[in-house]
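Following is a predicted model, sequence given first.
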Amino acid sequence: MKRLEVLCLTLILLMVSFRYSEELWKTPSDWPEPVYNFKKNPLDSATVQLGRVLFYDPVLSADSTVSCASCHSPYNAFTHVDHALSHGIKDRIGTRNSPVLVNLAWGKSFMWDGAVNHLDMQALAPLENHLEMDETLPHVLQKIKLQAKYKRLFKAAFRTETITGERFLKAISQFMLTLVSADSKYDQVIRGEKGISFTEQESNGYLLFKEHCASCHTEPLFTNQTFQNNGLAPDSLLKDAGRMNITRKSSDSLKFKVPTLRNIERSAPYMHDGRYRSLQMVLFHYSSDVHSSVTLAPELRGGINLTEADKRNLIAFLKTLTDNTFLNNKQFQYPRTF
Amino acid sequence: MNKLKYCLFLIPFLGWGQLTLDVNLAVGERVLILNQPVELKDCSFQLEQARFYLSKFEFYQNGHLVAADPVNAYLVDLELDSTRKLIFQNIDPKKVDGIRFLFGIDSITNTSGAMSGALDPMHGMYWSWQSGYINCKLEGTFIKPKREAFQLHLGGYAFPFSGAQQISLKTNNADGELKVTIDLDLLMQEIIRPQANLHVMSPCIRAVEYAQLLVKSVDLKP
């Protein structure tokens, strides 16, 4: 009898742990395999929780006023509502719009210019940027080593209280990896979920989207992750050359990473410098205000021919990319207990 | 039984041995010490910080690979004497006549995410604004012909700015203690020229040229 009890208990534990790991990561059906190598940093609930606590902790900034979440709010698909440019400590203003943090496991490079080559290293960029958190990794580690809660959280995640840069970065990666958005109305329609279908306006918008936008904003990620010049007139104050800053090739001048359109309804303002406050302004740009230059994406030469009705249809479709399951997921929000 | 225990204790001394590399920076015959002025032909300078990565050590005999070091990389910091001594356990110096390694970090490691040990980004040898390890940091001050600071952060892993340099050295020393000396003479003469850059802080062609100059003057002595 005792042996049977042990067997049952083991089976239950196995089922529970299987369910839990399923919750931490599941590649949505018909999506490509993630780029991130999970074998090198396997997801684990304690490490995700540590990453989440770090993500929301302003101790990561020089004066402990700004956390990752300050510019990456969960309610706005992890970008900063109403801020054209990133807002750092002491009201310093950066030079780029904070991007959404969505489906990062598929990311081949990060930042608008692709400066960061691996998700693990992404957190270093804002952390050490003078206009954002203005810290250094060694100093942040020193600060968090003084906090009992981090000793406990690191012990739970890594079975040791020793805090290293590698563990710190991998924990933040783990939390960011869980930020998967794949349950918008669009996804439900594509999955053929019962009772879910596009309205006529959304359907028309989807056709227009596939004709004019999908070559760069490719499904299902709604980005092909390339760098493109989308015809924005250069900003004479910011003087941002984009990808060319990294590669130093003139052929990359004014090119920026194609952003995902998932949750675009909630992630205004738009473009790398946040110059457009609404989707209407974005579509006006593509139809009537494309700035011609040597590196302009060939698809945009002469602009995209859109009527006002087309624009309304397109916006209706873009709103189907809003994923309320993702935006309201409590697991992604400020950790009230840790 | 006791005799057997003693024998086990003695195995490292009897069998596989070890090879030690003592790494130094020099100018000519003079070993460099931080914050001490050094006279060159047309200039003098003092080095205030010197940190660099040596990685991917391989040991050869008659052109054949004998062993590859399992440690991915070493961070040599002139401020910390202990980091200048690289110890390779279980390498029999009698069976090695060549050593190959990288000055800097290879591109695969550069794109593999967060690492531990010498490669932990907390050592300040990682660019945060643009991914990639800084292969070598040399900072100091020229005293003559005029007083000015220099800062060389040499790195870059992507073509055409791949900064890591392969070094192959021959050895016929059997006692296992070798000195690797990197002579800065050529580099310092180069950067003090009027058109040269005293501040190189990002992946660029100049950084590659400087790294190439550095490794031209690497020497291995008993």
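Nice, I can see it.

Identify the residue spatially nearest to the spatially most central residue of chain B, adjacent ones excluded.
Nearest residue to the geometric centre of chain B (CA atoms, centre = their mean): B:Leu54, 4.3 Å. Leaving aside its chain neighbours, B:Leu54 sits nearest to B:Tyr74 (5.0 Å; criterion: CB to CB, 6 or more residues apart in numbering or on different chains). Placement of C-beta: from N, CA and C, glycine included.

Give me the distance between that neighbour and chain A.
17 Å (CB to the nearest CB, to the nearest Å).

three-state assignment of that residue?
Taken by DSSP: H, G, I helix; E, B strand; the rest coil, the conformation at B:Tyr74 corresponds to strand.

partners of the strand or helix carrying the residue nearest to the centre of chain B in the sheet?
Using DSSP states H and E, B:Leu54 falls within strand B:44-61. Counting by DSSP bridges, the strands paired with strand B:44-61 are strand B:38-39 (antiparallel), strand B:64-68 (antiparallel), strand B:73-77 (antiparallel), strand B:98-103 (antiparallel), strand B:134-144 (antiparallel).

Going by neighbour count, list what's buried in it.
Applying a neighbour-count criterion of 16 or more other CB atoms under 10 Å in any protein chain shown, one finds B:44-45, B:47-48, B:50-60 buried in strand B:44-61.

could I have that strand exported to PDB, CA atoms only?
Extracted in PDB, the C-alpha atoms of strand B:44-61 (Å, rounded to 0.1, in the frame of the first residue of the first chain):
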ATOM      1  CA  SER B  44      57.500  58.800 -23.100                       C
ATOM      2  CA  PHE B  45      54.300  57.500 -21.600                       C
ATOM      3  CA  GLN B  46      52.900  55.700 -18.600                       C
ATOM      4  CA  LEU B  47      50.400  53.000 -18.600                       C
ATOM      5  CA  GLU B  48      47.600  53.300 -16.000                       C
ATOM      6  CA  GLN B  49      45.300  50.400 -16.900                       C
ATOM      7  CA  ALA B  50      46.100  47.300 -18.900                       C
ATOM      8  CA  ARG B  51      43.500  44.500 -19.200                       C
ATOM      9  CA  PHE B  52      43.200  42.000 -22.000                       C
ATOM     10  CA  TYR B  53      41.700  38.600 -22.900                       C
ATOM     11  CA  LEU B  54      43.700  35.600 -23.900                       C
ATOM     12  CA  SER B  55      41.500  32.700 -25.000                       C
ATOM     13  CA  LYS B  56      41.100  29.300 -26.700                       C
ATOM     14  CA  PHE B  57      44.500  27.900 -25.700                       C
ATOM     15  CA  GLU B  58      45.700  24.900 -27.700                       C
ATOM     16  CA  PHE B  59      48.800  22.900 -27.300                       C
ATOM     17  CA  TYR B  60      50.600  21.200 -30.200                       C
ATOM     18  CA  GLN B  61      53.400  18.700 -30.900                       C
END
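
check contacts around the residue nearest the centre of chain A.
With distances taken as CA atoms, centre = their mean, the residue of chain A nearest its centroid is A:Leu101 (1.6 Å). A:Leu101 makes contacts with A:72, A:77-79, A:176, A:179, as judged by CB atoms under 8 Å, 6 or more residues apart in numbering or on different chains.

Looking at the residues you listed, which is nearest chain B?
Nearest to chain B out of the contacts of A:Leu101 is A:Met176 (CB to the nearest CB; 12.4 Å).

Name the nearest residue to that closest one, sequence neighbours excluded.
A:Met176 sits nearest to A:Leu104 (CB to CB, 6+ apart), 5.0 Å away.

related to what we said a few turns ago, average pLDDT across the strand holding B:Leu54?
Averaged over strand B:44-61, pLDDT sits at 96.

cool, stretch A:288-296 as well?
Computed over stretch A:288-296, the average pLDDT equals 97.

distance between the ends of it?
15 Å (CA to CA, to the nearest Å).

Contacts for it next, please.
For stretch A:288-296, contacts defined as CB under 8 Å, 6+ apart pick out A:229-234, A:251-255, A:300-303.

lowest-confidence helix or strand of chain B?
Lowest mean confidence among the helices and strands of chain B (mean pLDDT, DSSP states H and E): helix B:2-14, at a mean of 51.

rewinding a little: for the residue nearest to B:Leu54, report the pLDDT, please.
98.

just B:Lys41 next, same as before
82.

Out of the strands paired with strand B:44-61, which is closest to A:Ala84?
A:Ala84 sits nearest to strand B:134-144 of all the strands paired with strand B:44-61, at 32.3 Å, using CB to CB.

Contacts for that closest one, please.
Under CB under 8 Å, 6+ apart, the answer for strand B:134-144 is B:37, B:42-53, B:103-105, B:125-127, B:147-156, B:163-164, B:184, B:187, B:192, B:198, B:211, B:214.

Please, a ChimeraX command that selects the buried ones among these?
For the buried members of these, the matching ChimeraX selection, counting by 16+ other CB under 10 Å, is:
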select /B:43,44,45,47,48,50,51,52,53,103,104,105,125,126,127,150,152,153,154,155,156,163,164,184,187,192,211,214
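
Do a quick rundown of the strands in the chain.
In the absence of a named chain, this looks at chain A. A:227-228, A:256-257 (DSSP state E).

my bad, chain B
Under DSSP E, chain B gives strands at B:18-27, B:30-31, B:38-39, B:44-61, B:64-68, B:73-77, B:85-89, B:98-103, B:134-144, B:148-155, B:165-170, B:177-183, B:199-200, B:218-221.

Please identify which of those is closest to A:Ser215.
strand B:148-155 (35.1 Å).

what's next to the closest one, contact-wise?
In contact with strand B:148-155 (CB under 8 Å, 6+ apart) are residues B:45, B:104, B:127, B:132-142, B:163, B:191, B:198-203, B:207, B:210-211, B:214.

What sits closest to the residue of the stretch 151-300 of chain A found nearest chain B if chain neighbours are left out?
Nearest to chain B in the stretch 151-300 of chain A, going by CB to the nearest CB, is A:Gly165, at a distance of 3.3 Å. Using CB to CB, 6+ apart and skipping residues adjacent in sequence, the residue nearest A:Gly165 is B:Met122, 3.3 Å away.
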